[in-house]
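Novice: Structure of the sequence below:
(one chain, ligands or ions: 1)
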Amino acid sequence: MPNVGFLDTKSAMEQSDLISRTQAAVWHPCTQMKQQIATPPLAIARGQGVWLYDSDGRGYIDGISSWWVNLFGHANPRINAAICDQLEQIEHVMLAGCTHAPVVALSERLAQLTGLGHAFYGSDGASATEIALKMSFHYWRNRGQADKTEFVSLKNSYHGETLGALSVTDVAIFKDTYAPLLRQSAQVMSPDWRLAEVGESAEQYALRAAQDLAEYLAQHHRRVAALIVEPLVQGAAGMAMYHPAYLTRVRQLCDEFGVHLIADEIAVGFGRTGTMFACEQAAIKPDLMCLSKGITGGYLPLSAVLVTDEIYGAFYDDATARGFLHSHSYTGNPLACRAALATLDIFAEDQVLAANRSKAAYLEQAVLPLREHPRVADFRRTGMIWAFDVLGAGVGFARDFYLAALEQNLLLRPIGNTVYFMPPYVINEAEMDQLVSGSLIALRQAIGEI
Ligand SMILES: *Cc1c(COP(=O)(O)O)cnc(C)c1O
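Specialist: Residues are numbered from 1 along each chain as shown. Now for the predicted structure:
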């Protein structure tokens, strides 16, 4: 390993030093810092494939792809090489008034993959949500329908945590405190199949949920600019999964009532659900699609909003103010675009979607002992996402499971009583076996069985 100067923290003493320094100087995301005293963060020194290594050299399988971003492992040689090559050319230039080969090539390839011909860039997922909401509103305004100012989302939806994105998010712990700052938005029934009645299929339930949207739009469509959905899997809700029939029906309803459909594929895009984009499983095309997370293989912050020619055309005009005057400083960053292009190359060269189907089939078998545990309920899978709920889990379950999993060399972070696996696609069979057997031990420990 090269000498990395002040980051070179080899001894256990330096590891604990790093933790006290992080505690003093770093305000960690999504964390009550006082609780971090009792549960200190992992100090990660390096990564390789699905493995993360702390400064003592102990390895952990990154079972949640570092918050759902990593696709092809840490320190992937092909992505590393692309970024290094780009570094020698141009690291960054503003995208207003300038362009560059990586952003052009990436936009062309995303257009080919999605059938949505124009790409607008941001940095994080939440900025993509903001862009999509503003664009939808502005589209209707440019088309003479300025009173379409409202947005609809699903119950338990998650679209990011900046104020606009939080307005369409429906997760109480993130939202309630800031409620006075947020715009009103409407939430309609979630198609999450766990909520189906006994004897009702996932598809029937999805169609019943769509009926709730139909009723809402019948009444309010004149004021509604867009519906925003997480296609197939509501991630932050606890990997709530649903039948694609919901999306097919919702596409019809949006067309019927003149409302945009925004597909937030930030978490589910790039092969996570088994197809390149989740919308493909319902054979629909959204009006706007938000992408981020896996787009760079988990290397660099980048997001994109892809739109139809119809939307793009509504902004194309002599009047400056009819244009989309929105920007972020790092929009279309060349290094991030090169990482994204390398990621797309890997998809094509390694036939990743097909390879993932065999991996998923293997894990589906390997997971049986865990699945059959009497406290495991609603075991579910969509593509490369597995989840189950733990019956009778106490308040401290997520933390207890997380700690017990670390002991098994696994990095897993349950959402409430939902345990999920969302591994990098490069995971091999031995690693899948370890993920399952370690999780079973962690589960039994966290519920006090052993
Ligand atoms: C993570 C996520 C976001 C927000 O992305 P950030 O990069 O964390 O801002 C938005 N929507 C969905 C569905 C997500 O999973």
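Novice: Report pLDDT for the residue of the stretch 101-250 of the chain found nearest the ligand.
Specialist: Closest residue of the stretch 101-250 of the chain to the ligand, C-beta to the nearest ligand atom: residue 125 (2.0 Å). For every residue, glycine as well, the C-beta is placed using N, CA and C. Here, the pLDDT recorded for residue 125 equals 98.
Novice: go on, residue 1?
Specialist: With respect to pLDDT, residue 1 has a value of 36.
Novice: try residue 15
Specialist: So residue 15 comes in at 78 (pLDDT).
Novice: Now do the same contact list for it.
Specialist: 9, 43, 54, 55, 56 (C-beta atoms under 8 Å, 6 or more residues apart in numbering).
Novice: measure it to residue 264 for me?
Specialist: 38 Å (C-beta to C-beta, to the nearest Å).
Novice: likewise residue 160?
Specialist: Distance from residue 160 to residue 264, by C-beta to C-beta: 9 Å.
Novice: of all the contacts of residue 15, which comes closest to the ligand?
Specialist: Nearest member of those to the ligand, counting by C-beta to the nearest ligand atom, is residue 43, at 22.3 Å.
Novice: Thought residue 58 was touching the closest one, still the case?
Specialist: No: using C-beta atoms under 8 Å, residue 43 makes no contact with residue 58, being 10.5 Å away.
Novice: Which single residue of the stretch 351-450 of the chain ends up nearest the ligand?
Specialist: Counting by C-beta to the nearest ligand atom, the stretch 351-450 of the chain gets nearest the ligand through residue 422, at 10.7 Å.
Novice: Residue 22 versus that residue, what's the distance?
Specialist: 25 Å.
Novice: Neighbour count for these two, which is higher?
Specialist: residue 422 (24 against 15; other C-beta atoms under 10 Å).
Novice: List the contacts of that one.
Specialist: Here residue 422 is in contact with 63, 64, 65, 68, 272, 384, 385, 386 (C-beta under 8 Å, 6+ apart).
Novice: Check those residues and tell me the two furthest apart.
Specialist: 63 and 272 (14.2 Å; C-beta to C-beta).
Novice: So the two - more neighbours on which side?
Specialist: It is residue 272, of residue 63 and residue 272, that has more neighbours when counted by other C-beta under 10 Å, with 27 against 24.
Novice: what does stretch 367-387 rub up against?
Specialist: Contacts of stretch 367-387 (C-beta under 8 Å, 6+ apart): 194, 232-233, 238-239, 241, 271-275, 356, 359-360, 363-364, 388-392, 418-423, 425, 436-437, 439-440, 443-444, 447.
Novice: low-scoring stretches of this protein, by residue?
Specialist: 1-12 (pLDDT under 70).
Novice: how does it look with 90?
Specialist: 1-17, 55-56 (pLDDT under 90).
Novice: interface residues of it facing the ligand?
Specialist: 124-126, 129, 158-160, 230, 235-236, 264, 266-267, 292 (C-beta under 6 Å from any ligand atom).
Novice: just checking, which of these belong to strands?
Specialist: residue 264 (DSSP state E).
Novice: And the residues of the chain next to the ligand, which two are furthest apart?
Specialist: 124 and 230, at 16.0 Å, using C-beta to C-beta across the residues of the chain next to the ligand.
Novice: These two: who's more crowded?
Specialist: More neighbours surround residue 230 than the other of residue 124 and residue 230, with 26 against 20 (other C-beta under 10 Å).
Novice: can you pull the contacts of the closest residue to the more buried one other than its chain neighbours?
Specialist: Take residue 230 and drop its neighbours on the chain: the residue closest to it by C-beta to C-beta, 6 or more residues apart in numbering is residue 264, 5.1 Å away. Contact analysis of residue 264 by C-beta under 8 Å, 6+ apart lists 128, 129, 132, 159, 228, 229, 230, 231, 290.
Novice: The second one: what's it in contact with?
Specialist: The neighbourhood of residue 129, defined by C-beta under 8 Å, 6+ apart, consists of 159, 160, 162, 164, 165, 168, 228, 264, 266, 290.
Novice: SS state for the spatially closest residue to residue 359 that is not a sequence neighbour?
Specialist: Nearest-residue entry for residue 359: residue 427, 6.7 Å, with adjacent residues in sequence omitted and distances by C-beta to C-beta, 6+ apart. Assigned by DSSP: H, G, I helix; E, B strand; the rest coil, the conformation of residue 427 is coil.
Novice: Residue 427 contacts residue 358, doesn't it?
Specialist: No: in this structure, residue 427 is not within contact of residue 358 by C-beta under 8 Å, at 11.8 Å.
Novice: neighbour-wise, which of the two wins?
Specialist: Taking neighbours as other C-beta under 10 Å, residue 427 and residue 358 compare with residue 427 leading, 24 against 10.
Novice: secondary structure element for the closest residue to residue 142 other than its chain neighbours?
Specialist: Computed as C-beta to C-beta, 6+ apart, the closest residue to residue 142 that is not its neighbour in sequence is residue 314, at 4.6 Å. Element membership for residue 314 (DSSP states H and E) is helix 309-315.
Novice: who does that helix touch, helix- and strand-wise?
Specialist: strand 118-122, helix 125-142 (3 or more C-beta pairs under 8 Å, 6 or more residues apart in numbering; DSSP states H and E).
Novice: could I get those as CSV with distance to residue 401?
Specialist: CSV is the format used below for the helices and strands packed on helix 309-315 (distance: least, C-beta to C-beta, whole Å):
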stretch, distance to residue 401
strand 118-122, 34
helix 125-142, 26
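Novice: which one of these is the most hemmed in?
Specialist: helix 125-142 (a mean of 24; mean count of other C-beta atoms under 10 Å).
Novice: Give the next helix or strand downstream of that helix.
Specialist: Using DSSP H and E, the next helix or strand after helix 125-142 towards the C-terminus is strand 150-154.
Novice: what sits up against the helix or strand following that following strand?
Specialist: As assigned by DSSP H and E, the chain's next helix or strand after strand 150-154 is helix 163-167. Identification of contacts with helix 163-167 by C-beta under 8 Å, 6+ apart yields 126, 129-130, 133-134, 151, 159-160, 174-175, 178, 181-185.
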